[in-house]
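what shape does this take:
(3 chains)
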Amino acid sequence: MISLIQRPEPSRAWSLATPLLAVLVTMIAGGIMFAALGKNPVEAIKVIFYDPILGEFAFYYRGQLLVKAAPLILIAIGLSLGFRAGIWNIGAEGQYIIGAVVGAGLGLAFFPLDAWWIYPLMVFGGALGGFLWAMIPGVLRVAFNTNEILVSLLLVYVAENILASMSTGLLQNPDGQGFPGSRNFRDFPAAYNPELIAGTGMHWGVVAAFIAVIFAYIVLARHILGFQIRLTGEAPRAARFAGVNPTRLVLLCFGISGALAGMAGLFEVSGPAGQISIDFNVGYGFTAIIVAFLGRLHPIGILLAGLLMALTYIGGEAAQAQLGLPAAAIQAFQGMLLFFLLAGDVLTNYRIRFGRAEAA
Amino acid sequence: MDLSAINPVLLIASLMVAATPILLAALGELVVEKAGVLNLGVEGMMITGAICGFAIAVETGSPVIGFLAAAIGGALLSMLFGILTQYLMSNQVATGLALTLFGLGISSLLGQDYVGVRPPLTGGLFPDALADLPVVGPIIFGHDWMVYVSLGLVAGIWAFLKYSRAGLILRAVGESHDAAHALGYNVIAVRLAAIAFGGACAGLGGAYLSLIRVPQWTEGMTAGAGWIALAIVVFAGWRPWRVLIGAYLFGGVTVLQLNLQAAGVAVSAEYLSMSPYLITILVLVLISAGRGRAALGAPASLGRSFHASH
Amino acid sequence: MTGTIPLLKIDGLTKAYPGVVANDDVSFQIMPGEVHALLGENGAGKSTLVKMLYGLVKPDAGALTYNGAAYAPTSPHAARETGIAMVFQHFSLFDALDVAENVALGMENPPPQRELAKRIKDVSEAYGLPLDPGRLVGDLSAGERQRVEIVRCLLQDPKLLIMDEPTSVLTPQEVEILFATLRKLQSEGTAILYISHKLEEIRSLCDAATILRLGKVVGRCDPREKSARELAEMMVGMSLHTPSREAKPKGPVALSIKGLSAKSASQFGTSLKDVALDVHEGEVLGIGGVAGNGQDELLMALSGEIGSAPDAIVMGDTPLGAMRPNERRALGLLAAPEERLGHAAAPNMSLTENAVLTGRVRKSLTSNGFINWGAARTFAEDVIGRFDVRTPGPTHAARSLSGGNLQKFVVGREILQSPKILIVNQPTWGVDASAAASIRQALLDLAAEGAAVVVISQDLDELMEISDRFAALNEGRLTPPRDTQGLTVDEIGLMMGGAHDLGAVA
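Purely as a prediction, here's the structure:
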């Protein structure tokens, strides 16, 4: 019989080791899944995890790595603050969409003006759009005690409908012969988010993601706000006793995560995606939740987890092209990773003991 | 636009069909939450049920076996959540989300070969003579048998929670797992059973979508139905009959906006499509305004992990 | 009624947890119809022992014999079927369920609800413990809740009734009613295992006593033949240091509370109603009362976790009823809540972080919002050193400390911030005797230096020992305070029961 004994304090070693363990176990379980799909598991794992970094065509994939990782990291950093405090914004996908729509809309309003302030204005618009969209569940929770998980999630479906409406209506390209989708930002240099250093995938969103990581690290480690966030998650009553204002904290966490998600959306739509279209969003807002947990809600961890998750996207596409591995397999693979990570968490707080268990 | 094209009798009959997937999933989640567990993976279990039910029904030609497979598929997936949260004490919110993400992935993987296939037809319960009666025919007698199963489930769960000893134990576990443990009840076993039941119900709800309401398989076809089901449990204040009301109200809104779209109302289709989600949010706000969680009737141990220390 | 075969024979029971042997070779026996006391300090292993008797915990070694036959319960169900019932100190009632449902959950084969309701009424009245089976348990007082537990046991005709610290939630008058019930049960042949650390109760009720210390049986006696002092020394194993204090004149008013009403944050909590109180510099004011009568709420209203009308709480000339906790701390009003893990301290955070939790303002641990971790660590080390907190160091998590050590840390953290007013709730609850004595001494020293100290506690002996004046909370109302000297047990009981017109001496 196996029993769990609570550790007197959380184990730091296991807290670092479990993400690695989870990745390893996911590779094994994923390999079994790939084998069940009739693919060579070793080959599939190699195509997904090895080739994009060190393989023959790595020069192409390496740039993609930053492009895919940046929005994941930016969103996950914002989410991690709230998650640490027990504030569950799981509608980042919606905030991402609205940020993109608002920011892109602001830029397109000035087409074809060439002015330096257009892009900063769009970034601000993206942040504002995401911020306001996130304020809906935040304010409803604070004012009416409405469940923020459900509201933020339901608003994703609303945002998707707004996106569909925009890409076939207000923001539709007037010169597009009736095809859905906005103007392409490649044709509007003042509003385009270009690759800053050729071949690296570096664009403004990547810069923003790095800044967010450093900023979050400092806030969590040194600033009283970070302390209050951690305290609220660990012990809500103790937080009130310590003078934390829960209303302020909820709004702050929603605001920051919404603004970062909105910015991520704007960077994506004005750069890699290129235009507002009905399906420019590819679920980064949801994958970022996995990234946040995989990174143990720690900024540096999120940086690494974002890169790893980007790798599964890129490797997944490569495996799709080379081995015919279905795209859904990668989604299942990512879900599995989160499962194993959550399961491994038990090792941080509990010691496993083999032998006689207690009655009951 | 032509509003006269909207027939109130057909509207009521079709709202029952539109509401049934959500009703089934919400009933399952109600039982899970009454046991003190918050499973946010309803969406994932529904979509898994949708493909399991669809695939098996197509392969066997029998919707009954399909629904059975959907219930088993949903329950199996929910056991992942059960083991993680009950034995490994993982965070219920995070694990529920993981279940949804995983369910969406695994279902599209399983469903690759079933896109565009037509499922076998699910039969009614009453003879055609009754179903052809005016007004009462379509509303009361004209449905497939799953609609009656879902209604029976409402009554059954209500009676189970209110009158049976097992129902009392389930409520006790959800109210205070420490007290229930001290009295000798196996908290983890009760919760696992509730989670499996919730998974089975969500699976049935998903299969209802793919086998009857749509009826075909497309990726991500649940489109938030699982989240609506979660909202309806809150709306209902954890009471089975109110879950029925909530689900039918939601079904009514959905069917009405579809009818309005068909009638060509001068509001764009996207805005009509988002209306059910907006109305759900509005109702959530009205329900929770000015009241604490407990006053809503939420089980006191909802979402808390249980570990029997010495 | 005493037979020759013991009802329950406990033989060499041993149970170890990582780092601690909770029960070490414990043996004693209970005769039919006997009221047997199990006496010991907090942490002596009483709870572990009764959990083994009730089937909640499986012993590592040892055997039980019930009525001459081997008895090895695997669950409370088995214990109940054998004839053993238990009244818990905590955790066995369901607030949102009604009395009848709560009773049914503690029975093996409950009759249908309607019949059960009738039997609850009959039995509860027969034993002088009237109960309405249809009421929600969350709406009952602590005393009534205990009745539910007792009636639940009585309905099963137990041969052995285990009672874990039953009087900690009762007023002295309610204790008398409980004892009458227990004596009636005894006369009907039911054996009772009575767990307590209250010596006078045991002397007046029990026929035999087994004394536990650190998991071992250290003595057996007939408590009626021993003095309370002798029992205490057997229990603690050494002579106790009694806190010292000197009589002194009363200082000026430090804190003035008037018309303080505050709604409880929890559904089944108690709201404060029109509380009025003046606390003077240099005095210790004790607030007694049965658990759940507004103690938590009073502390939270004073610490600033629950807001109130601005001039309901006045310090000097400053109205601070509407101030937030840290504004009050800046003025010198500090507090230490009852619940150590989760309220006074964050379980998984280090002692250094827990020092920042309340010490931030008065110890200037932040500048421009940035935390000075070096200063925080120094402060934590200071608390650890000055209050003899046993821990390897300030980087360790709060939950790794024993209850007594964490309590010393929590109280020390506030005292070292030199408060003008300190409010503490249950400062020695669940703390071993030597830590309790040092905490009480520290509170007295603080008052001697001129601070006003308010001690909220359910331990009347503690309050009588350290406080200059005494008031009691009942259903959210506070009686006017009276000088502790010359207060009789009867008067205290009446105050706790809600008598507000005892002619207060200001």
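
quick check: mean pLDDT of stretch B:242-252?
Looking at stretch B:242-252 alone, the average pLDDT works out to 92.

can that stretch be said to contact chain A?
No: on the criterion C-beta under 8 Å from any C-beta of the partner chain, stretch B:242-252 is out of touch with chain A, staying 11.6 Å away. From N, CA and C alone the C-beta is placed, and that goes for glycine too.

got the contact list for that stretch?
Around stretch B:242-252, the neighbours that count as contacts under C-beta atoms under 8 Å, 6 or more residues apart in numbering or on different chains are B:11, B:15-20, B:22-23, B:26-27, B:30, B:151, B:154, B:228-229, B:232-233, B:235-236, B:276, B:279-280, B:283.

also stretch A:194-203?
If you take C-beta under 8 Å, 6+ apart as the criterion, stretch A:194-203 is touched by A:59, A:62-67, A:70, A:193, A:204, A:207, A:267, A:271-272.

quick revisit: of the contacts of stretch B:242-252, which are in range of chain A?
B:228, B:280.

can you turn the buried part of the contacts of stretch B:242-252 into a PyMOL selection?
What follows is the PyMOL syntax for the buried subset of the contacts of stretch B:242-252, where burial is set by 16 or more other C-beta atoms under 10 Å in any protein chain shown:
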select buried, chain B and resi 11+15+16+17+18+19+20+22+23+26+27+30+154+228+229+232+233+235+236+276+279+280+283
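
buried among the contacts of stretch A:194-203? Need that as a selection in ChimeraX.
Those of the contacts of stretch A:194-203 that count as buried under 16+ other C-beta under 10 Å are selected in ChimeraX with:
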select /A:62,63,64,65,66,67,70,193,204,267,271,272
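
want to throw the contacts of stretch A:194-203 into JSON lines with distance to chain B and pLDDT?
Formatted as JSON lines, the entries for those read as follows, by distance: C-beta to the nearest C-beta, whole Å; pLDDT from 0 to 100:
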{"residue": "A:F59", "distance to chain B": "30", "pLDDT": "77"}
{"residue": "A:R62", "distance to chain B": "26", "pLDDT": "79"}
{"residue": "A:G63", "distance to chain B": "26", "pLDDT": "80"}
{"residue": "A:Q64", "distance to chain B": "21", "pLDDT": "86"}
{"residue": "A:L65", "distance to chain B": "22", "pLDDT": "88"}
{"residue": "A:L66", "distance to chain B": "24", "pLDDT": "89"}
{"residue": "A:V67", "distance to chain B": "22", "pLDDT": "89"}
{"residue": "A:A70", "distance to chain B": "21", "pLDDT": "93"}
{"residue": "A:N193", "distance to chain B": "27", "pLDDT": "81"}
{"residue": "A:W204", "distance to chain B": "29", "pLDDT": "88"}
{"residue": "A:V207", "distance to chain B": "29", "pLDDT": "91"}
{"residue": "A:F267", "distance to chain B": "23", "pLDDT": "93"}
{"residue": "A:G271", "distance to chain B": "26", "pLDDT": "84"}
{"residue": "A:P272", "distance to chain B": "22", "pLDDT": "85"}
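
take the contacts of stretch A:194-203 and keep only those in strands.
Among those, no residue falls in strands (DSSP state E).

what's the closest of the contacts of stretch A:194-203 to C:R229?
C:R229 has its nearest neighbour among the contacts of stretch A:194-203 in A:A70, at 74.1 Å by C-beta to C-beta.

isn't the closest one up against A:W204?
No: under the criterion of C-beta atoms under 8 Å, A:A70 makes no contact with A:W204, lying 9.1 Å away.

which neighbours do those two have in common?
Between them, A:A70 and A:W204 share the neighbouring residues A:F267, with contact defined by C-beta under 8 Å, 6+ apart.

so how far is A:Y217 from the residue of chain C most remote from its centre?
The centre of chain C is farthest from one residue, C:N368, which by C-alpha atoms, centre = their mean lies 41.0 Å away. Here the distance between C:N368 and A:Y217 works out to 18 Å (C-beta to C-beta, to the nearest Å).

can you check B:G220 too?
Distance of B:G220 to A:Y217, computed by C-beta to C-beta: 36 Å.

over to C:M349?
In this structure, C:M349 and A:Y217 are separated by 18 Å, where distance is defined by C-beta to C-beta.

now do A:G201
The span separating A:G201 from A:Y217 equals 23 Å under the rule C-beta to C-beta.

could you do B:L80 as well?
Distance, B:L80 to A:Y217, by C-beta to C-beta: 33 Å.

of those two, which one has the most company?
Comparing B:L80 with A:Y217 by other C-beta atoms under 10 Å in any protein chain shown, the one with more neighbours is B:L80, at 23 against 17.

what comes up buried for stretch C:43-63?
With burial defined by 16+ other C-beta under 10 Å, the residues of stretch C:43-63 counted as buried are C:43-60, C:62.

only C-alpha atoms, please: export the lowest-mean-pLDDT helix or strand in chain C in CSV.
Here the helix or strand of chain C ranked lowest by mean pLDDT, DSSP states H and E is helix C:228-236, holding a mean of 75. C-alpha atoms of helix C:228-236 as CSV (Å, rounded to 0.1, in the frame of the first residue of the first chain):
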residue,chain,number,x,y,z
ALA,C,228,-5.8,19.4,41.5
ARG,C,229,-2.1,20.4,42.2
GLU,C,230,-1.0,16.7,42.3
LEU,C,231,-2.9,15.9,39.1
ALA,C,232,-1.4,18.9,37.4
GLU,C,233,2.1,17.9,38.4
MET,C,234,1.6,14.4,37.1
MET,C,235,0.3,15.8,33.9
VAL,C,236,3.0,18.3,33.2
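
what packs against the helix or strand that it is followed by?
Tracing the chain C-terminally past helix C:228-236 and defining elements by DSSP states H and E, one meets strand C:253-262 next. The criterion is 3 or more C-beta pairs under 8 Å, 6 or more residues apart in numbering or on different chains; DSSP states H and E, and the helices and strands that strand C:253-262 contacts are strand C:272-280, helix C:295-303, strand C:313-315, strand C:452-456.

paired strands for strand C:253-262, with orientation please.
According to DSSP bridges, the neighbouring strands of strand C:253-262, each with its direction, are strand C:272-280 (antiparallel), strand C:313-315 (antiparallel).

so how far is it off the chain centroid?
Distance of strand C:253-262 from its chain centroid, counting by C-alpha atoms, centre = their mean, to the nearest Å, is 26 Å.

could you list the buried residues of that strand?
C:254-257, C:260, C:262.

and the contacts of that strand?
For strand C:253-262, with C-beta under 8 Å, 6+ apart as the criterion, the contacting residues are C:271-281, C:297, C:300-302, C:306-309, C:311-316, C:321, C:333, C:420-421, C:451-452, C:454.

so where's the chain shaky on pLDDT?
By default, I'm working from chain A. A:1, A:355-360 (pLDDT under 70).

that's the wrong chain, I meant chain C
Judged by pLDDT under 70, chain C has its weakly predicted residues at C:1-3, C:18-19, C:90-91, C:236-248, C:499-506.

could you rerun that using 50?
Within chain C, the segments meeting pLDDT under 50 span C:1-3, C:240, C:503-506.

again, but for the stretch 101-250 of chain B
Under the criterion of pLDDT under 50, none of the stretch 101-250 of chain B is flagged as low confidence.

show me where it has helices.
With helices called from DSSP state H, counting those that start in this stretch, the stretch 101-250 of chain B shows them at B:128-131, B:136, B:145-163, B:165-175, B:177-182, B:187-208, B:225-235, B:240-263.
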